[in-house]
Structures are given as C-alpha cells and as structure tokens.
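Novice: Return a 3D structure for these sequence lines:
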Amino acid sequence: MAQHLIAFRNLLTALSFVVLITTPVLLHLTSGGSVDSKVENRRLSPAPALSQALTNWTTLPEETNAWMRDHFGLRRTYLKIGFQLDKVLRSSGSLNAVRGDDGWIFNALNGALALHQGLLPFSEGEADRWLDGLTLVQDTAEASGATFIAMIAPNKHTIFPEYLSGYPNKAAGESRLDEVLRLARTRKLPLFDLRDTLKEAKTHDKIYYETDSHWTEIGAYIGFSELRSALNARGANIPDIPRDALILSTDKDFRGDLYGLLGEENGVPETIQTVEIDQKQIGPKAGSILLIGDSFSNSLVKYLEATFESVTFTDNRSGEPDLSSIAEKRHDVVVYQVVERYLSRPFKPVIAQN
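Specialist: Residues are numbered from 1 along each chain as shown. Got it, this is the predicted structure:
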C-alpha cells in the first residue's frame, strides 16, 4: 500500500511539473505573448529571422532565448508569483534594500522596488476599494466639522529613478499611484499629487536622503507648503512659512535607515541639512490639526507645530485608522498621509472597541 502511495505521489509530482512547463509554451504558441508585448515599457526582443538562420546560425540560439524570455505565456503572472515567493522565502537583510547608482540606496520593503518596476499593478477593483477606505476617513472627518485632505508621499524611487538604472521600469501601464490619483479625481476626493513639485525641487534642493527611505527636512518643507496651499484652497487659513524663516545647519555624520536594511552597521556618512524655524516670521497660528500618517509625517510635524496651536499625530502604518478617534476628537483640520509603497497593502479603517 505504501509503495502505491509513493508511486501515486511521484506521478502527481511529474504531471504537475509537466503542466507547469508546458502551459506557458502552449499559451505562447497560441497567443504569441501579444498581451505582454503591449504593456512592457521597452522594445521587446523580436522573433529570430529564420530566413537568415543559415547565415547567422551562431546567434540563433541567443536570439531565440531572448525572444522566448520576453514573450513566453504567463510571463507577467510568473514574475508576480516570483516576487511574492521572494518575500516569503528569502530573509536576508540585503533583500530589504538595494544599492542604486552613485551611492544611493533604495528601500525594497512593502513591494517598493516591484512597484517602481511596474510588477505590482492593482488588480481589478483594488484601487477603488482603497479609495473606499479613504472616503470613510473623509466622511468621518467632515462629519466632525473638520477640513479634510489626503496626501501620498512618493517613494524615493519615483522621484529619483535615474539612480536605479539596474532596476528599470518594465511596464507601460499605470502605476498604483497613477491609478489611485486618477480615480480620486474622478470621485472628487481631496487627494493631491506631489510628484511634479518634488521633481522640480530636486533640481535645486536635496529633498530625499541618499541613504535613507525618507524625504529630507527640506523635502518635508516642500510637502508642507503644498499641503498648506491645498488646505487653504478648501477654506482653511494656515500661515505661510517663508523660505528665509528656515535656519539651516549641516550634519556631516548622518547614516540613514537603509544601511540597517542592508545589514551594514557602519555605512559611509552622508552630509545633510537640518532645519529650525524662526517663529518670529510666522503669522498667527491656525487652530488644531490631526495628522494621521506614517514615518514620512515625522518631518512634517515641526512645520505643523509652527503653524497650528494644537497638533495631534497618530501613527497609522498599519493602514487601519481608527474612525472613532477621528469623530470623537474635534479638530479644525484632519490630514491623512501615506507613503506610496503602502499602496501595496489593503486600507481598512476600523472603529475601535472600547
């Protein structure tokens, strides 16, 4: 009996292997990989010219391999599965971050690198479900009398793709951030886009750290300035922080969080600027603000404290904001901030049980 079970198990394993191998080949032969060809943001390898096989026979194997690699059936599905398996099976600290060009390091957690490469698009309806969660937060905030707005801090990968030449974007379709912002405009949700402003600012300011996941204090200042403008456009009255109110100091011994993700204790120090604010140049403060955010909010708080009488920060890296706390604590302004890489996970507002 045991031998029969072993034989059956071996047969099942062999059949599964055959199906796994032959299915992409059959799909490739029937469809030619046409779907993949339409979404890749690069020129895919063409089919080898069989008419020239006799004259160029030495390059035929390489050309055939490149063509099959770019067009085989279920290609994008297998890429996604491979990424998910990487997250589960590979635990080395070096896989939590990757080295880019010119000393830059990039976070790879929460699918950040796969998002950059276009390997994790939303599934059907997923972006709308994410925005349904945001709508619940907005409705709760506005029902309490607060002005509400949401902002997505772009990944460093999005603003500085030129330092990730070894990890190019591989898809021509919308990114998760593109889709969320487009659908938010359709639904008239107050979610604003920081990308163009930050890309312009990087030409004259250091707005993200080279060795850290986050924007710099100057980058956060630019984010605050855009947030202020967006809130004032919705009826708030938040004073400006002029650029000359920023008092800059230099720190030549900064080591960002990405060294830790690489498993390195003592990385090369990075020179950065820290910011203090000359409060004398700021006008009368606004009322109270509730900031629901993640680690990108840490650098925003100092600018909010300079412009609001009361600032409450709630860490929401779990993606499950407590609606009851928003409704119970009356604030003049409620801001929901999330970093782009957290678009790779569900957004589920909850009502905490007392």
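Novice: Glu179 versus Glu124, what's the distance?
Specialist: 11 Å (C-beta to C-beta, to the nearest Å). For the C-beta atoms, the positions are set from N, CA and C on the backbone; glycine is no exception.
Novice: Could you check which of these two is surrounded by more residues?
Specialist: For Glu124 versus Glu179, the count of surrounding residues by other C-beta atoms under 10 Å is larger for Glu179: 19 against 6.
Novice: what kind of secondary structure is that one in?
Specialist: Recorded secondary structure, Glu179: helix (DSSP: H, G, I helix; E, B strand; the rest coil).
Novice: Sticking with the nearest residue to it once chain neighbours are set aside, tell me its helix or strand.
Specialist: Excluding the flanking residues, the one nearest Glu179 by C-beta to C-beta, 6 or more residues apart in numbering is Ala127, at 4.7 Å. Taking DSSP states H and E as the criterion, Ala127 maps to helix 126-143.
Novice: Show me where the protein has its helices.
Specialist: With DSSP state H applied, the chain shows helices at 2-31, 34-39, 60-71, 75-89, 112-116, 126-143, 156-159, 176-186, 195-201, 217-233, 258-262, 301-305, 323-328, listed in chain order.
Novice: Using PDB, list the CA coordinates for the last one.
Specialist: Looking back up the chat, that one is helix 323-328. Included here for helix 323-328 are C-alpha records, laid out as PDB according to Å, rounded to 0.1, in the frame of the first residue of the first chain:
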ATOM      1  CA  LEU A 323     -12.600  56.200  12.800                       C
ATOM      2  CA  SER A 324     -13.900  56.700  16.300                       C
ATOM      3  CA  SER A 325     -10.900  58.700  17.300                       C
ATOM      4  CA  ILE A 326     -11.400  61.000  14.400                       C
ATOM      5  CA  ALA A 327     -15.100  61.500  15.200                       C
ATOM      6  CA  GLU A 328     -14.600  62.000  19.000                       C
END
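Novice: From here on, call the first residue 210.
Specialist: Right, with 210 as the first residue, what we last looked at is helix 532-537.
Novice: Tell me the buried residues in that helix?
Specialist: In terms of neighbour count (16 or more other C-beta atoms under 10 Å), helix 532-537 has its buried residues at Leu532, Ile535.
Novice: The residue nearest to Glu388 against Leu392, yeah?
Specialist: Yes - checked against C-beta atoms under 8 Å, the pair Ala336 and Leu392 is within contact range at 5.5 Å.
Novice: Going by how many neighbours each has, rank these two and give me the top one.
Specialist: For Ala336 and Leu392, the more surrounded residue by other C-beta under 10 Å is Ala336, and the numbers stand at 22 against 17.
Novice: Now do the same contact list for the more buried one.
Specialist: Residues touching Ala336, when contacts are defined by C-beta atoms under 8 Å, 6 or more residues apart in numbering, comprise Arg385, Glu388, Val389, Leu392.
Novice: if I look at it, how far off is Thr349?
Specialist: Taken as C-beta to C-beta, the span from Ala336 to Thr349 is 21 Å.
Novice: burial of the residue nearest to Phe522 when sequence neighbours are not counted, as a residue count?
Specialist: When the adjacent residues along the chain are set aside, Phe522 lies closest to Leu500, with 4.9 Å between them (C-beta to C-beta, 6+ apart). Other residues within reach of Leu500 by the criterion other C-beta under 10 Å amount to 22.
Novice: what does Ile416 give?
Specialist: Applying other C-beta under 10 Å, we find 24 residues neighbouring Ile416.
Novice: these two touch, right, it and Thr425?
Specialist: Yes - with contacts counted by C-beta under 8 Å, Ile416 reaches Thr425, the gap being 5.8 Å.
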